[in-house]
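Novice: Structure for the following, please:
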Amino acid sequence: CLPALGLLLATCVLPESPRWLIKHGKPEQAEAIIKKFIHPSESEDVVRRVCKEVMSDMRRDMETRVLRDSIEEYTRPRWTLAAFVAPASDEVASWLDVFRRNRKVAFTGMTFAVFQQAIGTDAILLYSVRTLTVYGVSNETALLTTLVMGICKLTFTIFTSTLVDNPSIGRRKPLLVGGSGVFCGCCIIAISGAFPSSTGSGLIAGFLVFMSSFGFSYGPLCWLILAELFKGQNRSKALSLGSVLNRLTSFMVTSVYLSCLRWFTLTGTFVGFAVIALAALIFSAVSVPELAGRRLGSAAHSSVMSRNLSCISAQSWGMARAPST
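Specialist: As a prediction, this is how the structure comes out:
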């Protein structure tokens, strides 16, 4: 009840989006909100330039959308799939727009959202007490371990949030370091299952490594990267679709977790999770671009795959700083 009440109260002080304010003729308020996301150390000249560029991009997107919708209004049939998925107004993109503009970006974002849960995060946390007690850990120790797992996840999530806007760190380094930790945690658990005398202690160590690494990487960075990959009007649809895929993956993994433990044993199950974690790590290294210091949605206008290993320079950081959503 209290968390829900806190969330309700917090929504009362959320500002309107700059795009909505510009659309309704309130550019001054939009500019004031944009300035809040620019680092205080930036000069007034940089602040003005960034605000001007961001607002110009928003206006250009809205004008392009109005023109395209006007043309499509008179050229497409009324009873088609395209008509069904079309936006209700020029302010909102259609579902097809998420994939229409840049399929590589859409594929990267949606796959990343699936991988965040395919590694078994929710299943491990949800069934941690049962898993630990089945393999010889006392109920009190299992409950304490689950509590410590939650604390580790929260602590590393907060820690990561202080790092990702550092130009020398960005998003990719915590993602790859944490992704490697998730893989190592799965390996520790899988190996511990092969040694019955030390399975309990191995499980505890593996769970803590896994959850700490997840809090350092996939946990917070999944939603930050998704928000920054997509441009303006496509962002809300992309985040919605990513959330649906993420939750469906979580549901499927948690549904089969206990059955996998019975059928494939602890070692077999976590060898599978380790393989998925390794695939997620390789995918992150190859496909997820560095987005620190770039404007929101800028990846949609460039080849993600060709820029995946590039690092943001100190000069470009001084020119513009991307807000963390």
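Novice: I'd assumed K36 was in contact with V50.
Specialist: No. V50 is not in contact with K36 according to CB atoms under 8 Å; the separation is 11.8 Å. From N, CA and C alone the C-beta is placed, and that goes for glycine too.
Novice: helices or strands up against the strand or helix carrying V177?
Specialist: Element membership for V177 (DSSP states H and E) is helix 172-192. Of the remaining helices and strands, those touching helix 172-192 by 3 or more CB pairs under 8 Å, 6 or more residues apart in numbering; DSSP states H and E are helix 139-161, helix 199-216, helix 218-229, helix 232-287.
Novice: Mind doing that once more with 6 Å?
Specialist: In terms of contacts (3 or more CB pairs under 6 Å, 6 or more residues apart in numbering; DSSP states H and E), helix 172-192 is packed against helix 199-216, helix 232-287.
Novice: Name the residues of the shortest one that are buried.
Specialist: Across helix 199-216, burial judged by 16 or more other CB atoms under 10 Å covers 199-200, 202-216.
Novice: do the same with stretch 23-30
Specialist: For stretch 23-30, the neighbour count (16+ other CB under 10 Å) marks K23, Q29, A30 as buried.
Novice: Of V50 and K36, which one has the most company?
Specialist: The neighbour count for V50 versus K36, taken as other CB atoms under 10 Å, is higher for V50 (20 against 9).
Novice: Quick check, G120 in contact with G272.
Specialist: No. The pair formed by G120 and G272 falls short of the contact definition of CB atoms under 6 Å, at 8.6 Å.
Novice: Neighbour count: those two, which is higher?
Specialist: Neighbour tally, G120 and G272, criterion other CB under 10 Å: the higher count belongs to G120, 27 against 15.
Novice: what number of residues lie near S255?
Specialist: Neighbour tally, S255, other CB under 10 Å: 10.
Novice: Which residues are in contact with it?
Specialist: By CB atoms under 6 Å, 6 or more residues apart in numbering, the contact set of S255 is empty.
Novice: Relative to A123, how far out is it?
Specialist: In this view, S255 and A123 are 9 Å apart by CB to CB, to the nearest Å.
Novice: buried residues in the helix or strand where L8 lies?
Specialist: Per DSSP H and E: L8 is located in helix 2-11. Of all the residues in helix 2-11, not one is buried under the rule 16+ other CB under 10 Å.
Novice: list the helices and strands that helix packs on?
Specialist: Helices and strands touching helix 2-11, by 3+ CB pairs under 6 Å, 6+ apart: there are none.
Novice: next one: stretch 181-199 to chain centre, how far?
Specialist: 27 Å (CA atoms, centre = their mean, to the nearest Å).
Novice: wait, I meant stretch 255-262
Specialist: With CA atoms, centre = their mean as the basis, stretch 255-262 stands 26 Å off its chain's centre.
Novice: Could you do stretch 267-287 as well?
Specialist: Distance, stretch centre to chain centre, for stretch 267-287: 17 Å (CA atoms, centre = their mean).
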